[in-house]
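Trainee: Sequence and predicted model, in that order:
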Amino acid sequence: MEALRFGSDGEPAIRRHPAMVSRPVNYTANVSSLRRWTSICLVLLGASVSPGVAQQEASLPQIASAELALPELAAEVLVAQQRRVEAMRKASMATVGVFGLDSQGGGSGVCISPDGYVLTNFHVSSPFGHRMRCGMNDGKMYEAVVAGIDPTGDLAVLKMFGRDDFPTATMGDSDQIRVGQWCFAAGNPFVLATNLQPTVTYGLISGVRRYQYPSGTILEYSDCIQTDASINPGNSGGPLFNVDGELIGINGRCSFEKRGRVNVGVGYAISIKQAMNFYGNLRSGRIVDHATLGFTVATDNQGRVVVSNILESSDAYRRGLRYGDEVLRLGDRDIATANQLKNVLGIFPDYWRVALRYRNEQGVQEAAIRLQSLHQPGELEKIVEGSSEQGAKKAGDTKPAVSKDVLADRYESRRGFGNYYFNRLELERIVKLQESRKPSLATSAADDSVQIRFVGSVLGESTAVEARFDLEKIHWTLGDKTNSVPIKGNWGTWIKNQEPMPIAMAMRLWYQWHEQGPRKLGEVIYIGQSPVLGKQGLLDMTRIVLGEVTAEVYTSVASGDIELIELFTDRQTDPAEVYFDYDAASALAPMPSRVRLQYGLESRLVVDLGKLDTLPVVKTEGVPGVQP
Amino acid sequence: MIDRALSLARLIAAILIVLVFEDPGIFAEDKPRSDVPLGQGSLSGLEELFQSAQRSVVKLYGAGGMRGLESYQSGVVIGDGNTILTSWSTVLDVDKVRVVTYDGRRLDAEVVGVDPECELALLRVENSKLPGFVLEASYQVRPGQRVFSITNLFGIAAGNEACSYQKGVVMAVSDLQSKYTGLRSVYRGKVIVVDVMTNNPGAAGGALVDLGGRLVGVIGKELRDEQSGIWLNYSIPADVAAASVDRILAGKTRSAGASLTMAKNPHKALDLGMVLIPNVIPKTPVYIDRIRKDSLANRAGIQANDLVLLVNDQRVDSQKSFEQILQTIERGDSFQLLLQRGTELLRVQIRP
């Protein structure tokens, strides 16, 4: 199986096609020879089709007027055909041709947002570096830059500029597709579409939930869709639609072996479910990573999938999974074979927390486990640098230097990123969301004459709770016991010992985030979108490095409200999870009405908040901080 | 030449278009999916057909895995469910062929017999509990008819994963006349030619079914026209396969009786003047390394590099079985060999 970009790599294979054996090597000649052949085919088809079409058109009005007995099925066929034509017309509008700046080479893509975000393959975008052009079926070329890249899952997100009303594909549900359903691919095979009209090819879903091993690279296709719709070099990155024209996959690979780089009835598409799992992360402009579980499985002699090896540092181990336990379910999928587990795992980005069902001696257990990164820090960057250097060299050979890039301000190089510009963009979006929701206090966090104070009580008890902070310390009072901790440093021990104190740390972060915005808090990176236990859909996740502790802040995509702050000391220890509940009817709104602290999967403390106010700073010795 | 090719292409295109539009079954499945409550396990007719038909296709594993020879192929379960029809290939050159069923079970199969002319082989498994296709000579297809292949091409599916489906249209039902083309195939009989690439690595032995889910053909081996470089996508029709199965089963009955009586003074390969390639593996094929001058074998017209397939219509699957069969033939008796020379099959008579 090979990746399907059409460019200089593809040419030798194209030349192998018997129709082109004697054609010149260079790309334009290939295209023109292809075009000649296509036009011959079109002529042939045209000659044969037209009588049939004329007949159908002639008989249509007859059905209506004279109720002539055309077979009932024929009408059904015509209706189905009309539906298909309409689905393809609509789907073609969102299909994108991806080209280099010199309009050479390339592949396909699909536009999924009106402001011009495009899903494509990493192997399509990587040879172009960060700049490319995208053609749509309005016949126009749009300037585009790369945003995020997923070298392992072969995905990339591009952003087109020039319109705010790009036609978008309708999302389908790739979990609902079954073998035997019809589907069609749209794209730019052999870079034929010089008029930018995509080529549409019709076929069957040949197989679902396929796993395709990396072929000489790290590109891995898991849980992918197999189709016999003709997918060829140049189709890469383009959309696969169901018969209703809903987007179900991103075409990317084919099985070829000995017949040259032309379709032999076996193409593979990344499921749109996987693509959309990664989409939020890809919009962050990062080089995103896939996940590992921290344990491996094998099929035992009774056909059960059992844990054959497990890292004690893994989250799964902390949630109770042990060597020999039987794995039953990951995410929303039952696991019957060891291969299936690997297949399902491939659709999740790292850091996601997914449901795991397993069986040990005590019976069936349900847990949620945090996925670890598949690659070591820096590993993916090296791979990407390698491939883009090659791309840059190639591009340098052929294209004249672009004197002034019109999108120069839409690209920012930074290690670990495909394009850091998009990380700033996403952070700005989140900041904007909560700007209107600043807590109404007549002070700013930079004011050293006042302290900020959250007051409340333990849920269902009379125990009073107070979190108070000034510019130096966080003071935490639970009942009659008060502890203090510097606002920077010494946080780790409290988290490692699973103390209640981190709830106060999170409240301070909550306050600062709303008061100052995230960027003043520390080194901030927008990670993307991840699920949160007990919450619907995906949430925005932003990571802030606060010295020895890293905070991961989950905010609502719609409102920007902080739903969860996780405080990590390292990845081998459970973080302190602090959940915020909001009650629009409460007098506290937009402040949270309830804050809950959790370690692992167990709640540690729930606090009902009563008020948020300020106190003058009292310059006394105070109660010294008691270290646990 | 080009003119002829163009008119042929136009004819095929015309047939396809006309028949595609005539065949209601093709688009009858295109009803809006919204009619079907999603996620409730309801299947359209085609999806249902696919789910049931793929249970009668198995993944086969055996010898190979080097020099472009795959170690896997496909097979169709027929009749009572314990018989598997597949392509006769080097994959089967093992003691037990590994069968993986649609539900992931691993079974061992024995080669019951082979039909060298059709390049088909019959395997037997015990108590498979698999649904079998009805192998019925009257299940025939015409050009323009919609068909589907079910194969494990490229070895994509493993364990309990479903074999792959491909759609196609029958382009021609015709004899494989390899004399006039660059198609070099042992089998030269009737084939069903389809318009899509069904004959990929690992697909041989898979099923070709019609819209009713009936077995209409068995996918043939990969075949490339050496002149044009075009790969032919063909299946052996059900009637040819049915006759072949009958022949294999008949041959099996004969060999069972024959092998019981040992000759008092039997033939030996060396005495016949045949020097075989070194016997290094349990199933070393009976390739002739060289032929001694003035020997019986030489007189019969046997040449170096010939492969012995049958002795008196009994299957020879190894040098060991060759010697065993020879031991049942008296030195004074004449016997027949079926040889493969390149892609030719030829029968020779050894006359002492």
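Mentor: In hand now; what should we look at?

Trainee: Can you give me the domain boundaries for chain A?
Mentor: Domains of chain A are assigned by automatic domain parsing as A:1-28+A:75-290+A:374-401, A:292-366, A:435-616.

Trainee: Those into a markdown table, with extra columns for distance to chain B and mean pLDDT?
Mentor: All C-beta atoms are positioned from the backbone trio N, CA, C, and that covers glycine. A markdown table is the format used below for those (distance: least, Cβ to the nearest Cβ, whole Å; pLDDT from 0 to 100):
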| stretch | distance to chain B | mean pLDDT |
| --- | --- | --- |
| domain A:1-28+A:75-290+A:374-401 | 4 | 83 |
| domain A:292-366 | 5 | 94 |
| domain A:435-616 | 18 | 89 |
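
Trainee: Out of these, which is closest to B:M274?
Mentor: B:M274 lies closest, by Cβ to Cβ, to one member of the domains of chain A: domain A:1-28+A:75-290+A:374-401, at 34.3 Å.

Trainee: What is the least confident helix or strand in chain B?
Mentor: In chain B, the helix or strand scored least confidently by mean pLDDT, DSSP states H and E is helix B:24-28, which has a mean of 33.

Trainee: can you give me how far the helix or strand following that one is from the chain middle?
Mentor: Counting by DSSP states H and E, the next helix or strand C-terminal to helix B:24-28 is helix B:45-53. Relative to its chain's centre, helix B:45-53 lies at 24 Å (Cα atoms, centre = their mean, to the nearest Å).

Trainee: Give me the sheet partners of the helix or strand harbouring A:T542 and which way each runs.
Mentor: Assigned by DSSP H and E, A:T542 belongs to strand A:538-546. Its sheet considered, strand A:538-546 pairs with strand A:523-531 (antiparallel), strand A:549-555 (antiparallel) by DSSP bridges.

Trainee: Would you reformat these as JSON lines and include mean neighbour count?
Mentor: As requested, the strands paired with strand A:538-546 are exported to JSON lines (neighbours: other Cβ atoms under 10 Å in any protein chain shown):
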{"stretch": "strand A:523-531", "mean neighbour count": "21"}
{"stretch": "strand A:549-555", "mean neighbour count": "22"}
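
Trainee: Check which helices and strands whichever strand or helix holds A:N251 is in contact with.
Mentor: Following DSSP H and E, one finds A:N251 within strand A:246-254. In terms of contacts (3 or more Cβ pairs under 8 Å, 6 or more residues apart in numbering or on different chains; DSSP states H and E), strand A:246-254 is packed against strand A:2-3, strand A:107-111, strand A:170-171, strand A:182-187, strand A:221-227, strand A:239-242, strand A:267-271, helix A:272-282.

Trainee: The fifth one to helix A:272-282, inter-axis angle?
Mentor: Read it as strand A:221-227. Using axes from the mean of the first three to the mean of the last three Cα atoms, to 10 degrees, one finds that strand A:221-227 and helix A:272-282 are set 130 degrees apart in direction.

Trainee: counting contacts, what elements does strand A:221-227 pack onto?
Mentor: strand A:199-212, strand A:246-254, strand A:267-271, helix A:272-282, helix A:338-345.

Trainee: So for A:S559, which of those sits nearest?
Mentor: Checked against Cβ to Cβ, the stretch from the helices and strands packed on strand A:221-227 lying closest is helix A:272-282, at 16.4 Å.

Trainee: in stretch A:82-100, what's buried?
Mentor: Neighbour-count burial for stretch A:82-100 flags A:83-84, A:87-88, A:90-100 (criterion: 16 or more other Cβ atoms under 10 Å in any protein chain shown).

Trainee: And stretch A:367-387, by the same measure?
Mentor: Neighbour counts over stretch A:367-387 (16+ other Cβ under 10 Å) mark A:A367, A:A368, A:I369, A:R370, A:L371, A:Q372, A:S373, A:L374, A:H375, A:L380, A:V384, A:S387 as buried.

Trainee: next one: stretch B:160-172
Mentor: Within stretch B:160-172, judged by 16+ other Cβ under 10 Å, the buried ones are B:N160, B:E161, B:A162, B:C163, B:S164, B:Y165, B:Q166, B:K167, B:G168, B:V169, B:V170, B:M171.

Trainee: avg pLDDT for that stretch?
Mentor: For stretch B:160-172, the mean pLDDT works out to 93.

Trainee: which residues does A:N277 contact?
Mentor: Neighbouring residues of A:N277 by Cβ atoms under 8 Å, 6 or more residues apart in numbering or on different chains: A:I347, A:F348, A:P349, A:W352.

Trainee: Next, give me the two most distant ones among those.
Mentor: Greatest spatial distance in the contacts of A:N277: A:I347 and A:W352, 9.8 Å, computed using Cβ to Cβ.

Trainee: who's more crowded, the two?
Mentor: Between A:I347 and A:W352, counted using other Cβ atoms under 10 Å in any protein chain shown, the more crowded position is A:I347 (26 against 21).

Trainee: So that one belongs to a helix, correct?
Mentor: No. Per DSSP: H, G, I helix; E, B strand; the rest coil, A:I347 lies outside any helix segment and is coil.

Trainee: wait, it sits on A:I270?
Mentor: No. At 9.0 Å, A:I347 does not count as touching A:I270 under the criterion of Cβ atoms under 8 Å.

Trainee: now the host helix or strand of A:R453, how far from the chain's geometric center?
Mentor: According to DSSP H and E, A:R453 maps onto strand A:450-458. Strand A:450-458 has its C-alpha centroid displaced from the chain centroid by 38 Å (Cα atoms, centre = their mean).

Trainee: what do you get for stretch A:245-253?
Mentor: Relative to its chain's centre, stretch A:245-253 lies at 15 Å (Cα atoms, centre = their mean).

Trainee: Please apply the same query to stretch A:245-264.
Mentor: On Cα atoms, centre = their mean, the centre of stretch A:245-264 falls 22 Å from the chain's centre.

Trainee: same deal with stretch A:542-561?
Mentor: 18 Å.

Trainee: can you give me the end-to-end distance of that stretch?
Mentor: End-to-end span of stretch A:542-561 (Cα to Cα, to the nearest Å): 13 Å.

Trainee: Give me the buried stretch members for stretch A:282-296, please.
Mentor: A:282-295.

Trainee: Pick out the most distant pair among those residues.
Mentor: A:G285 and A:F295 (31.6 Å).

Trainee: Now the strands paired with strand A:538-546 in TSV, please, with extra columns for distance to A:M591.
Mentor: Shown next, in TSV, are the strands paired with strand A:538-546 (distance: least, Cβ to Cβ, whole Å):
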stretch	distance to A:M591
strand A:523-531	23
strand A:549-555	15
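
Trainee: what about the helices in the stretch 51-200 of chain B?
Mentor: With helices called from DSSP state H, counting those that start in this stretch, the stretch 51-200 of chain B shows none.

Trainee: Could you tell me which residues of it lie near chain A?
Mentor: Within the stretch 51-200 of chain B, the positions adjacent to chain A are B:51, B:54, B:68, B:104, B:148, B:153-154, B:156-167, B:196-198, B:200 by Cβ under 8 Å from any Cβ of the partner chain.

Trainee: Going by neighbour count, which residues in stretch A:459-478 are buried?
Mentor: A:V465, A:E466, A:A467, A:R468, A:F469, A:D470, A:I474, A:H475, A:W476, A:T477, A:L478.
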